[in-house]
Each structure stands twice: as C-alpha cells, then as structure tokens.
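Undergrad: need coordinates for the below:
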Amino acid sequence: MSLMVFNGSPRGVNSNSDVIASWFLKGFEESKTVYLNKVKQHETYINESIEFEKLLFVFPLYVDGMPGQVKYFFEQMNKQKKVFKNKEVTFIIHSGFSEAIHSKNLEKYLYRFADLMSMKNYGVVIIPGSEGFRLMPPKMTAKKAEKVAEIGDMFRLNKPFPSAVKESLEGPLVQSKLQRLLFKILSLVGLSNVYWNSQLKKNNAFKNRFDAPYEK
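TA: Numbering: from 1, shown residues only. Just a heads-up that it's a prediction; the model follows:
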C-alpha cells in the first residue's frame with residue numbers, strides 16, 4: 001500500500017510531527033512525506049497525491065485549531081475534489097497540552113472535511129503532550145511509538161483502529177483534580193512556564209510577554 005504523508009508542522013523537518021509520522025510509517029514499504037510549510041509546493045503535492053492510495057495528515061494544534069498552512073492546503077484540496085474522492089485518509093492531531101479536550105473541536109472539523117471531500121476517513125487520532133518528542137530519547141516515547149505503529153498497521157491493512165489504543169493515546173479529556181492542584185503549585189513557584197519563557201527569551205520576546213496590544 002502506498003502512503004503519502006502531509007506534515008503540517010510549521011517546523012517542517014525535524015518536528016514533533018516528523019517523529020510521530022516515523023512511528024506510523026514502520027509497516028509501510030512505499031511512502032512519501034511532504035511538508036506543508038513549503039506553501040509554494042502545494043499544487044505539486046496535490047498532483048503527486050494522485051499516485052497514492054492512502055493519505056496521512058499529521059500536524060500540531062495551534063490555538064485549538066490547525067496551522068495556517070494546513071488550512072490553506074485544505075482550501076486547495078477543495079478546489080480539486082476529484083483528485084481526493086474515495087482516497088483513504090487518517091489524521092493525527094498532537095499538542096503540548098496534557099488534555100485531549102483542546103483538540104475536540106478540530107476533531108469534529110476533520111471528520112466533516114473528509115466527508116465533504118468524499119474521502120474514506122479511518123479516524124482522527126489525538127495525541128496530547130507531544131511537545132518535546134523530537135528531543136526525548138527513544139526510551140521515553142517507546143510506549144506511544146508502539147501504539148502509533150499499531151494504528152499505522154491497521155491503516156495499512158484496511159482495518160478499524162483499535163478503540164483501546166486510540167483512547168490510550170488520547171488520554172483523559174481533562175485533568176484530574178490532583179493534576180490541576182499540582183499545576184497550580186508549579187505555577188505559584190514559577191516552574192510551569194520554564195519552557196515557554198525559554199522560548200520567549202530565545203526569540204527576544206520575553207520582555208513583551210505581558211503586552212496587551214488590543215486592550216483599550
């Protein structure tokens with residue numbers, strides 16, 4: 001079975017989406033990965049997708065939605081519905097959030113989009129807590145990698161995704177009371193924002209973190 005992978009991460013190569021896609025691809029002998037952050041190549045990608053039987057979209061959650069280049073590509077797909085009619089597709093949404101609830105609205109959108117495009121949708125897989133997959137040693141992500149590979153195998157074999165595996169990857173819809181309490185404690189001592197503050201400093205934006213440009 002031939003598979004075309006659409007990596008929708010703004011990071012492109014070496015992104016968390018790349019890591020997740022590599023787990024999914026383990027059983028596939030013929031595959032091609034393209035990067036939607038290369039917006040000028042979108043038309044080429046659509047033309048190339050004609051040759052592939054199956055499609056995988058994997059991308060991070062952005063403000064409880066999708067990255068702009070993914071939305072733009074979907075709009076280009078909509079202009080060429082004949083190319084995608086009856087294609088077998090699945091979607092993986094991942095995010096740094098520890099809760100699945102943030103991805104639920106987008107999950108509904110993707111089911112609707114696949115239906116409007118007349119594609120055969122095998123499902124939408126949600127993977128919270130993905131920020132850092134690209135930096136973690138394989139031992140730390142081994143269990144998730146095994147479950148994503150199982151999902152990939154089912155897709156390759158035209159079988160429904162095991163609900164137990166899908167639910168395990170998705171985890172809890174919201175944090176437990178204990179998790180919320182621990183987060184509050186971490187916030188009070190300043191540990192909850194260590195990573196995000198490091199990113200702000202890296203991009204020379206730390207001093208602007210409390211800016212409110214739209215405040216009256």
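Undergrad: going forward, measure contacts and count neighbours with C-alpha atoms only.
TA: Will do.
Undergrad: contacts only, for S187.
TA: N193 (Cα atoms under 8 Å, 6 or more residues apart in numbering).
Undergrad: tell me the helix or strand right after the host helix or strand of it.
TA: Under the criterion of DSSP states H and E, S187 resides in helix 177-188. Using DSSP H and E, the next helix or strand after helix 177-188 towards the C-terminus is helix 194-202.
Undergrad: can you give me the end-to-end span of stretch 90-100?
TA: In terms of Cα to Cα, to the nearest Å, the two terminal residues of stretch 90-100 are separated by 18 Å.
Undergrad: that should have said stretch 127-139, apologies.
TA: Start-to-end, stretch 127-139 (Cα to Cα) is 18 Å.
Undergrad: pLDDT of that stretch, averaged?
TA: For stretch 127-139, mean pLDDT is 92.
Undergrad: what's the offset of that stretch from the middle of its chain?
TA: The chain centre lies 13 Å from the centre of stretch 127-139; the measure is Cα atoms, centre = their mean, to the nearest Å.
Undergrad: list the buried residues in it.
TA: Using 16 or more other Cα atoms under 10 Å as the test for burial, stretch 127-139 gives 127-131, 133-134.
Undergrad: what comes into contact with that stretch?
TA: By Cα under 8 Å, 6+ apart, stretch 127-139 touches 14-16, 19, 92-100, 141, 169-171.
Undergrad: again, 10 Å this time
TA: 14-20, 60-61, 92-103, 140-141, 144-145, 148, 166-173 (Cα atoms under 10 Å, 6 or more residues apart in numbering).
Undergrad: before we move on, the earlier item: and the helix holding S187, C-alpha only, in CSV?
TA: Output in CSV follows, covering the C-alpha atoms of helix 177-188 (Å, rounded to 0.1, in the frame of the first residue of the first chain):
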residue,chain,number,x,y,z
LYS,A,177,-8.4,17.5,40.4
LEU,A,178,-4.9,16.3,41.6
GLN,A,179,-3.3,17.3,38.3
ARG,A,180,-4.9,20.8,38.5
LEU,A,181,-3.7,21.2,42.1
LEU,A,182,-0.2,20.3,41.1
PHE,A,183,-0.2,22.7,38.2
LYS,A,184,-1.3,25.5,40.5
ILE,A,185,1.5,24.7,42.8
LEU,A,186,4.0,24.7,39.9
SER,A,187,2.6,28.0,38.7
LEU,A,188,3.0,29.6,42.1
